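Engineer: sequence and predicted model, in that order:
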Amino acid sequence: MACVGACRAASCSGLFTTHRGRRLHRAVAAAGSQATAAATSAATGAQSRAADVSILTLEELRRTLAQRHLNTEGSREELEARLAAFLAAAAQHPQADCSPAGEVRLVGGRLFGGITPLRRHIQLLFELLQGDDVVPGHPDFEFLLALLRMHPRYAEKVAHPPVQRFRVRAIIEPEQPPIRFFEYQDGRGEWDDFSTRKCLGFTPEHNALLTMRDAMRWEVRGQLEAFRLASARTSPRGAPLYRCDECRKRVSDGRKLRLEHVEPSFGQLIKDFTAAMNRPPLPVDGKVPGTNRGCFTDQEWAAAWRRYHRTHAKRLQLVCFRCAKQRSTAEQAAGAGSGSDSA
């Protein structure tokens, strides 16, 4: 089937590492791709703090190219260049087949193995870019610009180009997890925010699912915070000290570590609970007083969920954001999309 739309591939696992990203960027240019500036001019080779990423194996590269009916011969560099050139300008490869399922996305010069690793990358950027002035030349500026251009109302939102910078803003409410979002500064110097969910094309149903998961995390916040506090050690000066369960990095602020459900994942806990209750999750029909955060009004159902979580969440971990990123991309490489899940 001739390729006329966005490219698709059956198996691809996250991003290229920065050194491979440099080769990828040069190869795209050498292939004469007519990709958009957002796709081809990204700072893929920069030492971004968010670029702790996985690598496509040689077998995965060949399988992905074979599914596209593209040449699978050559070195790794040649295969990477061939896939990148196809992704950047699919219409120039009429012999390619776009029928296999599984989406490969090229955003800001970075290659993602579908919507899940792309969304996880964005979630980690919310953490990693706090306090950064993301201006042209910053390792993540071109990625965020390409993401903003995916917004369905981009032309309306950026009516006064060019975009000058990005930043992460957070709404901090007492006894609640912070709500983080991206803001951009337009050509007039004015700031506005944008929804990354809209940029990713989330449907109302998908948004409702994410809202439900957030509300279920909110219901067990006391248990999660108790685990975080119990994990603290005391420093020689008497202050609490936390440690990443992966790399053993020590931090004094427990909020700098990500709390993850490992066995089972948070998503699996929800599935098992709803199966045990023999009913789907309730709608998020309430608001936490004084906030815009959704919650459940059925207190009996919420109490049953808290009891279930307390007895069935077998293993939790505190990990730093770098280790969380490495674990996420490693799961993608292994085809384990439903591994650990953060809360």
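Structural biologist: Good, I have the coordinates.
Engineer: right, and residue 244 touches residue 319 too?
Structural biologist: Yes - counting by C-beta atoms under 8 Å, residue 244 sits close enough to residue 319 to count as a contact (5.3 Å). Yep, even glycine has a C-beta here, placed from its N, CA and C like the rest.
Engineer: overlap in contacts, those two.
Structural biologist: Here residue 244 and residue 319 have residue 257 as joint contacts, going by C-beta atoms under 8 Å, 6 or more residues apart in numbering.
Engineer: between those two, tell me which one has more neighbours.
Structural biologist: More crowded of residue 244 and residue 319, by other C-beta atoms under 10 Å: residue 319, with 23 against 20.
Engineer: residues contacting that one?
Structural biologist: Contacts for residue 319 were tallied using C-beta under 8 Å, 6+ apart; they are 244, 245, 246, 257, 258, 260, 327.
Engineer: can you name the residues bridging to it?
Structural biologist: With DSSP bridges applied, residue 319 shows beta-bridge pairing to residue 258.
Engineer: on that earlier part again, may I see the contacts of residue 319 arranged in CSV, with secondary structure, pLDDT and distance to residue 227 as well?
Structural biologist: As requested, the contacts of residue 319 are arranged in CSV below (DSSP: H, G, I helix; E, B strand; the rest coil; pLDDT from 0 to 100; distance: C-beta to C-beta, whole Å):
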residue, secondary structure, pLDDT, distance to residue 227
244, coil, 90, 15
245, coil, 89, 11
246, coil, 87, 16
257, strand, 84, 11
258, strand, 83, 13
260, strand, 86, 11
327, helix, 67, 18
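Engineer: of those, closest to residue 151?
Structural biologist: residue 258 (26.8 Å; C-beta to C-beta).
Engineer: how many residues are close by that closest one?
Structural biologist: Neighbour number of residue 258 under other C-beta under 10 Å is 22.
Engineer: do residue 81 as well
Structural biologist: Residue 81 has 22 neighbours, counted by other C-beta under 10 Å.
Engineer: cool, and residue 313?
Structural biologist: Residue 313: 20 neighbours (other C-beta under 10 Å).
Engineer: count the residues that sit near residue 226.
Structural biologist: Burial of residue 226 is recorded as 12 neighbouring residues (other C-beta under 10 Å).
Engineer: touching, residue 160 and residue 184? I think so.
Structural biologist: No - counting by C-beta under 8 Å, residue 160 does not reach residue 184; the two are 11.2 Å apart.
Engineer: of these two, which one has the most company?
Structural biologist: Neighbour totals were compared for residue 160 and residue 184, and residue 184 leads with 20 against 11 (other C-beta under 10 Å).
Engineer: rewinding a little: the contacts of residue 319: which two are farthest apart?
Structural biologist: Spatially, the most separated pair among the contacts of residue 319 is 257 and 327, at 13.1 Å (C-beta to C-beta).
Engineer: now what about stretch 194-201, what contacts it?
Structural biologist: By C-beta under 8 Å, 6+ apart, stretch 194-201 touches 115, 118-119, 122, 147-148, 150-153, 157, 181-184, 206-207, 210.
Engineer: what's the end-to-end length of that stretch?
Structural biologist: One end of stretch 194-201 to the other measures 13 Å (C-alpha to C-alpha, to the nearest Å).
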